[in-house]
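J.: Model the following, please.
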Amino acid sequence: KYNEIDLVLSSTELWNLIEEHANKQSTNPVSYIKSFPLDNPKGANEIEELFRSYSLQGNQFISSMYNESNGGSGGYADFLLRYCSEKLLDIKIWNDKLIYNSGRNIDISDICISNNNKSLKFARAYGFRNIQSIMLKLKKKKCDYDFIEIMACPSGCLNGGGQIKEIDNKKDRLSNISTIYYSNHIFNHPSDSKLVKYIYSGDYLQLPMSRQALQLLHTRYHAVPKLETYAPLAVKW
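T.: This is a model prediction of the structure:
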């Protein structure tokens, strides 16, 4: 069984729900939010604490990797580059800031890490136009990247379609969001995460790439046939 999409709640939808409940209380959204007591940063129990992604003081988020130019993607490409660099090239860059090279278009960039014998070349392509450019290079076999992080939203997740929109200048808004997002982060190595250690303990998934881990955590992709191939009447309709 394959699920084509996940069910997500965007920040816009969340804000609409807050506004709806605030209106019922005849107050504004900010006052409505502040009327609730702060949640315990440690959670209700030990298990809930494992899933907390912010500091004990409750004022900073914890992230696995840090890079100010990844558009809030969560740093998966950056983590993978650092991990592969250590395992394949014997180069440790965990604490180094990654500098991606980009031209006039900042939404498509790449970085290369190399030693005397091998090299790793990673790229990021944000926005459909850049994705199409990468796909064209792949079809022509002119793409030499080892890994490509692709996101549909230009400038990454922080500029996503589900984010709360403002009337102000788009560039200024994105810059302000990025500043707030990265200024309140604590960056932690994934292997130091209590949740990761708990999940991969002997009682649960045991080790990465174990049978249980592959079944529960790994995505399996499959080709989705065009609508006209299995439902021609639907196309005509």
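J.: Name the surrounding residues that touch stretch 13-25.
T.: Residues outside stretch 13-25 that contact it (CB atoms under 8 Å, 6 or more residues apart in numbering) are 28-29, 31-33, 162, 164. Where C-beta positions appear, they are placed from N, C-alpha and C, glycine not excepted.
J.: do you know how far residue 18 is from residue 37?
T.: Counting by CB to CB, to the nearest Å, the separation of residue 18 from residue 37 is 16 Å.
J.: Can you pick out the residue with more neighbours from the two?
T.: Between residue 18 and residue 37, counting by other CB atoms under 10 Å, residue 18 is the more crowded of the two (15 against 6).
J.: Am I right that the more buried one is in a helix?
T.: Yes. Counting by DSSP: H, G, I helix; E, B strand; the rest coil, residue 18 is located in a helix.
J.: With residue 190 as the reference, measure out to it.
T.: 32 Å.
J.: Do you have the helices of this protein handy? List them.
T.: Taking DSSP state H, the helices of the chain run over residues 11-24, 29-34, 46-50, 76-89, 128-139, 170-183, 194-199, 211-217, 227-230, 232-236.
J.: What helices and strands are in contact with the fifth one?
T.: It refers to helix 128-139. Counting contacts by 3 or more CB pairs under 8 Å, 6 or more residues apart in numbering; DSSP states H and E, helix 128-139 packs against strand 108-114, strand 119-126, strand 147-151.
J.: again with the second one
T.: Taking 3+ CB pairs under 8 Å, 6+ apart as contact, the helices and strands that helix 29-34 lies on are helix 11-24.
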